[in-house]
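Enquirer: Provide a 3D model corresponding to the input given below.
(3 chains)
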Amino acid sequence: MPELPEVETVRRGLERHLVGRRIERVEVGRERSVRRTSREAVIAGLIDTVVEAADRRGKYLLLPLDSGDTAMIHLRMSGQVLLAVGGADRPAHTHVVLCLDDGNEAWFVDPRTFGEVVVFDPDNVEVELPELARLGVDPIAEPFDAPTLRHAFGATSRALKPLLLDQHVVAGIGNIYADEILHRARLRPDRPASSLDRRHLATLQRSIVDVLTEAIEAGGSTLGDAQYVDLMGKGGSYQDVHRVYGRGGERCLTCARGWIRRSVTGGRGTQWCPICQR
DNA sequence: AACTGTCCCTGCAAGC
DNA sequence: TGCTTGCAGGGACAGT
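Expert: As a prediction, the model looks like this:
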């Protein structure tokens, strides 16, 4: 499932292969992938534009265009962006195709169709893409220190795991990295944020930055059914160093004493070590 | 404010 | 072997 490190890896691919390219032709297969507006709006918004940059905020990929509009791609559960030579066989569930002026194609592939593609006016983001306007701080793309985290949490009685998953609080963390970050910080997922002192907050802030940075360096995590891959179809390797995610019932690799517990916190499967995490 | 539940959708795994 | 059922998951949203 693409989270910040996976989306960042895709962003870097887009920066290399899409920036500076003119989009000559656009195909939209399934309308569901462009449901926020329409097939016609997305085609008209993309065709004959030049991609000027590849940005990211949280899990949102942002491609400013020379028209003044910005294309947004959200991968959600199962979305992929793949680069291919024009005319190559497309995989099942290829819903949007951008034909580029260098002969390549960018494909938006998304079996579960939770993802989306939209072209919006950044000056009207509040109306056209309100979730993006209300996104919390991005811990990699924006300045992010312990006071920033304390401010983002604010006064709340909520538990750490749902807070980390809340995109309005911190942007980009999903289920995998929330569990890995809390294990690194040695904090229980159900612990109320209000119980953290300054030292805990500093540890948590460092864990967020370190886990995400290491995961980006590893090209993200590729596992299970929702096969995340980068623009060239290559998987990441961070799953090889997961300490808790997907390891419920196994012995903790960190303390070698606890058994990784599986519980439900904030409606999401959560894995954590009752010995390491307090 | 914060919680729970529902919906969207598909592929995979478990159970029959 | 082949069906059915259930579950996972990001995030918006409605209801409590």
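Enquirer: and stretch A:8-26, what's buried?
Expert: Of the residues in stretch A:8-26, A:8-15, A:17-18, A:21, A:23, A:26 count as buried by neighbour count, 16 or more other C-beta atoms under 10 Å. Yep, even glycine has a C-beta here, placed from its N, CA and C like the rest.
Enquirer: relative to the whole chain's centre, how far out is it?
Expert: Taking C-alpha atoms, centre = their mean, to the nearest Å, one finds stretch A:8-26 lying 17 Å from the centre of the chain it belongs to.
Enquirer: identify the residues contacting A:H242.
Expert: Taking C-beta atoms under 8 Å, 6 or more residues apart in numbering as the contact definition, A:H242 lies against A:176, A:180, A:221.
Enquirer: how far away is it from DNA strand B?
Expert: Between A:H242 and DNA strand B the distance, using C-beta to the nearest atom of the strand, to the nearest Å, works out to 18 Å.
Enquirer: kindly report the same for A:R39.
Expert: 15 Å.
Enquirer: that residue against A:V28, yeah?
Expert: Yes - with the criterion set as C-beta atoms under 8 Å, A:R39 and A:V28 qualify as a contacting pair; they are 4.5 Å apart.
Enquirer: wait, what's in contact with A:T270?
Expert: A:T270 makes contact with A:161, A:175, A:178-179, A:189, A:262-264, according to C-beta under 8 Å, 6+ apart.
Enquirer: A:R30 too?
Expert: With C-beta under 8 Å, 6+ apart as the criterion, the residues that contact A:R30 are A:95, A:113.
Enquirer: what residues does the stretch 51-200 of chain A put near DNA strand C?
Expert: Selection of the stretch 51-200 of chain A residues close to DNA strand C by C-beta under 7 Å from any atom of the strand yields A:58-59, A:74, A:76-78, A:112, A:114, A:130-131, A:165, A:167, A:174-176.
Enquirer: which PyMOL command selects the buried ones in those?
Expert: Under the burial definition 16+ other C-beta under 10 Å, those of these that qualify are selected in PyMOL by:
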select buried, chain A and resi 58+59+74+77+78+165+167+174+175+176
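Enquirer: which pair of the residues of the stretch 51-200 of chain A next to DNA strand C spans the longest distance?
Expert: Across these, no pair lies farther apart than A:P130 and A:I176, at 26.3 Å, counting by C-beta to C-beta.
Enquirer: ok, now which ones touch A:G219?
Expert: A:5, A:9, A:230, A:234-238.
Enquirer: can you flag the buried ones in these?
Expert: A:5, A:9, A:230, A:235-236, A:238.
Enquirer: which of these fall in helices?
Expert: A:5, A:9 (DSSP state H).
Enquirer: any chance of CSV for the buried ones among the contacts of A:G219, columns pLDDT and distance to DNA strand C?
Expert: Putting the buried ones among the contacts of A:G219 into CSV (pLDDT from 0 to 100; distance: C-beta to the nearest atom of the strand, whole Å) gives the following:
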residue, pLDDT, distance to DNA strand C
A:P5, 93, 12
A:T9, 93, 16
A:D230, 90, 18
A:G235, 88, 17
A:G236, 89, 15
A:Y238, 90, 14
